[in-house]
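S.K.: Any chance you can model this:
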Amino acid sequence: VDGDYNGHRNPWSTKDALASTANYLNASGWVRGLAPFYEATLPASFDYSLVGTKQTAARWASMGLDTIEDVNLDANTMMELWLPAGKDGPILLLSPNFDVIKVYNNSSNYALGVSLLGKAITGQSGLRTSWPRYERPLSTVQVKNLQRRLTSAGYDTKGADGIIGTNTRKAFQRWQAANGQTPDGFITQRSAVSLTGW
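M.R.: Purely as a prediction, here's the structure:
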């Protein structure tokens, strides 16, 4: 898109690049005035089996989820609950605009990074809840091993590729629920130790 109106579309021009990005997002279904995510808090009695599901903003509110920021969400807006760092990390309600970002790169971590960059550019604060820094991730080999063990235990991860994606998180979440853990789907050395023996 010719963002500086000089009659040429140049991807190396800052104005053209930004206008082109906005045009791409708009064509992919971007909803103006809606943030990609809203940080929230969970009630003490929350049903963690709902992590990863989509509900209307009104339904989440009726279950006791409160957004940290003072926002007025349309009651019918579909929002997905995501706990990128488990129950002890940020609690995020993802809007349809989060999915629009993923049209370009289908990675939730990428979309979160882009969303946080967008907030920083406009002078907004990032995540208010700290990431649990005491947790240690699994290596690729450990993830593959975990995927094989989950699948053999009846929690199908749809393959052992060494990547913690949606299928692996959901399988791990089901295993957590069946084994006395809070089923937040957050896979770390500590949360997976009883399954893997590491």
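S.K.: can you list contacts of the one helix or strand Gly113 maps to?
M.R.: For Gly113, the host element (DSSP states H and E) is helix 108-121. By C-beta atoms under 8 Å, 6 or more residues apart in numbering, the residues outside helix 108-121 that reach it are 35-37, 82, 84, 92, 98, 101-102, 105, 125-127. Glycine gets a C-beta too; all of them are placed from N, C-alpha and C.
S.K.: Can you list which of these are found in helices?
M.R.: Using DSSP state H, the subset of those located in helices is Phe98, Ile101, Lys102.
S.K.: is it possible to export these to JSON lines including distance to Leu65 and pLDDT?
M.R.: JSON lines is the format used below for the ones in helices among the contacts of helix 108-121 (distance: C-beta to C-beta, whole Å; pLDDT from 0 to 100):
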{"residue": "Phe98", "distance to Leu65": "16", "pLDDT": "97"}
{"residue": "Ile101", "distance to Leu65": "22", "pLDDT": "96"}
{"residue": "Lys102", "distance to Leu65": "22", "pLDDT": "95"}
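S.K.: quick one: which of those is most hemmed in?
M.R.: Neighbour tally across the ones in helices among the contacts of helix 108-121 (other C-beta atoms under 10 Å): the maximum, 24 neighbours, falls on Ile101.
S.K.: quick one: secondary structure of Ala40?
M.R.: Classification of Ala40 using DSSP: H, G, I helix; E, B strand; the rest coil returns strand.
S.K.: so what's it bridging to?
M.R.: Beta bridges link Ala40 to Thr67, Ile91, judged by DSSP bridges.
S.K.: isn't it right next to Gly64, touching?
M.R.: No. The criterion here is C-beta atoms under 8 Å, and Ala40 misses it with Gly64 at 9.8 Å.
S.K.: So between the two, which is more surrounded?
M.R.: Legend: neighbour count by other C-beta under 10 Å for Ala40 and Gly64, higher for Ala40 (20 against 13).
S.K.: and the gap between the more buried one and Phe186?
M.R.: Here Ala40 is placed at a distance of 16 Å from Phe186 (C-beta to C-beta, to the nearest Å).
S.K.: Equivalent analysis for Ile68, please.
M.R.: 20 Å.
S.K.: burial count for Ser194?
M.R.: Neighbourhood size, Ser194 [other C-beta under 10 Å]: 13.
S.K.: looking at it, it is touching Asn179, isn't it?
M.R.: Yes. The criterion here is C-beta under 8 Å, and Ser194 meets it with Asn179 at 7.0 Å.
S.K.: For the residue nearest to Trp175 when sequence neighbours are not counted, list the residues it contacts.
M.R.: Leaving aside its sequence neighbours, Trp175 sits nearest to Tyr155 (C-beta to C-beta, 6 or more residues apart in numbering; 4.8 Å). Neighbouring residues of Tyr155 by C-beta under 8 Å, 6+ apart: Ala171, Phe172, Arg174, Trp175.
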